[in-house]
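Colleague: Give me a 3D structure for the following:
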Amino acid sequence: PHTKQLNPLNSIPMKALFSRIALLLLCSSIPLLARAQDQWTLSGVLQLAQQRTLTVRLADQNRRIAERDWQQFRRSNRPRVRLNGSLPNFSSAFREVTQPDGSIQFNPVRNNNSFFGLQVEQNIPLTGGILQADFAFQRFDDFAERSQQYFVQPFSLTYFQPFFRSNPQKWDRQIAPRQRALAEQQYRSQRNDADQLASGHYFNVLIQEQRLNIARDQQEVAQQLLRIAQKRYELGQLTKSDLLQLDIQSLQAEQNIQTRELAFRQARENLELFLQKPTDGQRSLHRPELPPVLAPEVEPLVRAALQRDPQLAELEIQLLQNRQRRRDLRSERGWQAGLLASMGWSKSGEQLGEALNAPKLQQQVSLSFALPLVDWGDYRQERRQLEDRGAQIEQRLTFRQQELQLATTQALAQYHQLRAALATAQRTEQLTSERFRIVKEQFLHDKISLIELTAATTEKEQAQVQYLTLLRDCWQRYLSLNGVLQ
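Modeller: Predicted structure coming up:
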């Protein structure tokens, strides 16, 4: 009889089938994930440097502190409300009382003097004055006389305006935002420095690893040549001197491996210390490609560098502080005057209702002044010192601007020159590797001398190390310029 062939997939439920397919896909992806995790990339190291570097963390803390200072400055221009008082304020003692004839008499005193007040104060940033509104309530109880007094001040408005004096709020409005921006610029600068150091450590590990691999290749070649030379020596085709020379080179290659292993391990430890995290000695470091291309325009870079340079911002703050100090000195040592004007309503009485009924208007106007007559030249001396310091700051500020413009222009030119040099270095690396392979084959067939083989080995090593060095310099230039633009 004809038997029907069954499809094995038909006997498996669809849900189980999908589970098995997902399991197969997961198992096939595990080797790819393992290979991806076996390597450290430059971008991953740079990201770790931004998170773990001590200088970046400290700069981030300073940035948060500066942000809180900025918020506090903004709140300082808002009205201040204070509640004050003394309740109760009881006293029972003997007090000295001077009589009309000059004698002294000690009288017993038993009273309670309670006070309650509300005050609202507002700084006037435009003029540097202070506007103040007050409410006050006071009750005095004399227990000896069995009497009491009330004092009520429902409203009082006072304004004080200094003249010929420096306005600190005016200078704070100019300095406070610059200090906030300075903290942000210092944070960006520390991040850029961390990128520079991290890339330097990263490429140093790559260079030391490359040198270690070259040393291992040299040892393998030296051992292979030594085995061939021993056979030739036994056949009488090689002198004893040449055999000893190859033996010495084999020992030197082994010693060179030990030296370069130590250098490679130290470079890796330096990277781990900088990142504050073990990099896992089983992982290799991926050789990065060329950095992205930057636009050749210089002017946008120069403008960004001038706007975001922390040294320039700090000098600008120092210049403003110097000008503020000169203005303060003129206020302290020169003519001073102040106007105090007050108006309000108040009343007292033996009963609370009497003190609250029809309060009376009270007014006060006062103009005070002070004019120094002789200071023996102290003001002039201090003013000249501040002027000289201000001139020094201005000179440093101008020089820093010129220095920053030149450094940015040169850095961009060096970046483009390094990218062009990398193409030549990469081609040189390929040619020296190919030449080393050819020279090695020719030496094995006894067509060239050992000196030519040694020269080809040295050229190959120099070309590989030079390429990595140029790649490191190019990446560092890119990170520095890109940090300015971000």
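
Colleague: Stretch 401-421: how far from the chain's middle?
Modeller: What separates the centre of stretch 401-421 from the centre of its chain is 24 Å, taken as C-alpha atoms, centre = their mean, to the nearest Å.

Colleague: quick one: contacts of that stretch?
Modeller: 290-291, 293-294, 296, 298, 301-302, 305-306, 309, 312, 470, 473-474, 477-478, 480-481, 484 (C-beta atoms under 8 Å, 6 or more residues apart in numbering). (Glycine included, C-beta is placed from N, CA and C.)

Colleague: Report the rounded mean pLDDT for that stretch.
Modeller: Averaging pLDDT along stretch 401-421 gives 92.

Colleague: Please apply the same query to stretch 253-261.
Modeller: Stretch 253-261 carries an average pLDDT of 90.

Colleague: Going by neighbour count, list what's buried in that stretch.
Modeller: 253, 256-257, 260 (16 or more other C-beta atoms under 10 Å).

Colleague: which of those sit farthest apart?
Modeller: The most widely separated members of the buried residues of stretch 253-261, counting by C-beta to C-beta, are 253 and 260 (10.5 Å).

Colleague: tell me, what's touching those two both at once?
Modeller: Common neighbours of residue 253 and residue 260, counting by C-beta under 8 Å, 6+ apart, are residue 215.

Colleague: Please name the nearest non-neighbouring residue to residue 339.
Modeller: residue 161 (4.8 Å; C-beta to C-beta, 6 or more residues apart in numbering).

Colleague: so where does that neighbour fall, helix or strand?
Modeller: Per DSSP states H and E: residue 161 is located in strand 147-163.

Colleague: Who are the packing partners of the helix or strand just after that strand?
Modeller: Counting by DSSP H and E, the next helix or strand C-terminal to strand 147-163 is helix 168-234. Secondary-structure packing of helix 168-234 (3 or more C-beta pairs under 8 Å, 6 or more residues apart in numbering; DSSP states H and E): helix 42-52, helix 54-76, helix 240-275, strand 284-285, helix 310-333, helix 378-444, helix 450-485.

Colleague: Who are the packing partners of the shortest one?
Modeller: Yep, that's strand 284-285 we're talking about. Packing partners of strand 284-285 (3+ C-beta pairs under 8 Å, 6+ apart): strand 39-40, helix 168-234.

Colleague: how about TSV for these, with mean pLDDT added?
Modeller: Supplementary listing: the helices and strands packed on strand 284-285 in TSV, determined by pLDDT from 0 to 100:
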stretch	mean pLDDT
strand 39-40	77
helix 168-234	88
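
Colleague: which one of these has the most crowded surroundings?
Modeller: Among the helices and strands packed on strand 284-285, the stretch with the highest mean neighbour count (mean count of other C-beta atoms under 10 Å) is helix 168-234, at a mean of 18.

Colleague: hang on, the earlier thing: would you turn the helices and strands packed on strand 284-285 into a markdown table with distance to residue 106?
Modeller: Formatted as a markdown table, the helices and strands packed on strand 284-285 follow (distance: least, C-beta to C-beta, whole Å):
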| stretch | distance to residue 106 |
| --- | --- |
| strand 39-40 | 89 |
| helix 168-234 | 49 |
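
Colleague: can you tell which of these is closest to residue 391?
Modeller: helix 168-234 (19.6 Å).

Colleague: and the nearest residue to residue 111 once chain neighbours are set aside, what does it touch?
Modeller: Nearest residue to residue 111, sequence neighbours excluded (C-beta to C-beta, 6+ apart): residue 142, at 5.1 Å. Going by C-beta under 8 Å, 6+ apart, residue 142 touches 110-111, 148.

Colleague: Was I right to think residue 159 contacts residue 133?
Modeller: No. Using C-beta atoms under 8 Å, residue 159 is not in contact with residue 133; the gap is 10.0 Å.

Colleague: which residues sit in contact with the residue nearest in space to the middle of the chain?
Modeller: In the chain, the centroid-proximal residue (C-alpha atoms, centre = their mean) is residue 187; its distance is 2.2 Å. Residues near residue 187 by C-beta under 8 Å, 6+ apart: 56, 59-60, 62-63.

Colleague: Distance check, residue 473 against residue 286.
Modeller: Applying C-beta to C-beta, to the nearest Å, the value for residue 473 to residue 286 is 18 Å.

Colleague: go on, residue 60?
Modeller: Counting by C-beta to C-beta, the gap from residue 60 to residue 286 is 28 Å.

Colleague: And for residue 433?
Modeller: Counting by C-beta to C-beta - residue 433 and residue 286 are separated by 20 Å.

Colleague: Counting neighbours, go ahead and name the busier of those two.
Modeller: residue 286 (17 against 14; other C-beta atoms under 10 Å).

Colleague: so what's that one scoring on pLDDT?
Modeller: Note on residue 286: pLDDT of 87.

Colleague: Does it touch residue 202 like I think?
Modeller: No. Counting by C-beta under 8 Å, residue 286 does not reach residue 202; the two are 9.7 Å apart.

Colleague: what's the overlap in contacts for those two?
Modeller: Jointly contacting residue 286 and residue 202 under the rule C-beta under 8 Å, 6+ apart are 40, 42.

Colleague: From residue 137, how far out is the closest residue to residue 150 other than its chain neighbours?
Modeller: Of all residues not flanking residue 150 in the chain, residue 355 sits nearest, at 3.9 Å (C-beta to C-beta, 6+ apart). In this structure, residue 355 and residue 137 are 9 Å apart, going by C-beta to C-beta.

Colleague: again with residue 419
Modeller: From residue 419 across to residue 137, the span is 80 Å (C-beta to C-beta).

Colleague: how distant is stretch 355-371 from the center of its chain?
Modeller: With C-alpha atoms, centre = their mean, you get 53 Å for stretch 355-371.

Colleague: what mean pLDDT would you report for it?
Modeller: What stretch 355-371 shows for mean pLDDT is 88.

Colleague: Now tell me what touches it from outside.
Modeller: Contacts for stretch 355-371 (C-beta under 8 Å, 6+ apart): 150-154, 156, 335-349.

Colleague: go on, stretch 217-227?
Modeller: For stretch 217-227, contacts defined as C-beta under 8 Å, 6+ apart pick out 246-247, 249-250, 253-254, 256-257, 440, 443-444, 450, 453, 457.

Colleague: where does the chain have its least confident helix or strand?
Modeller: helix 14-37 (a mean of 41; mean pLDDT, DSSP states H and E).

Colleague: list the helices and strands the longest strand belonging to the chain packs on?
Modeller: Identified as the longest strand of the chain according to DSSP state E is strand 104-124. Applying 3+ C-beta pairs under 8 Å, 6+ apart, we find strand 104-124 packed against strand 80-86, strand 90-98, strand 129-142.
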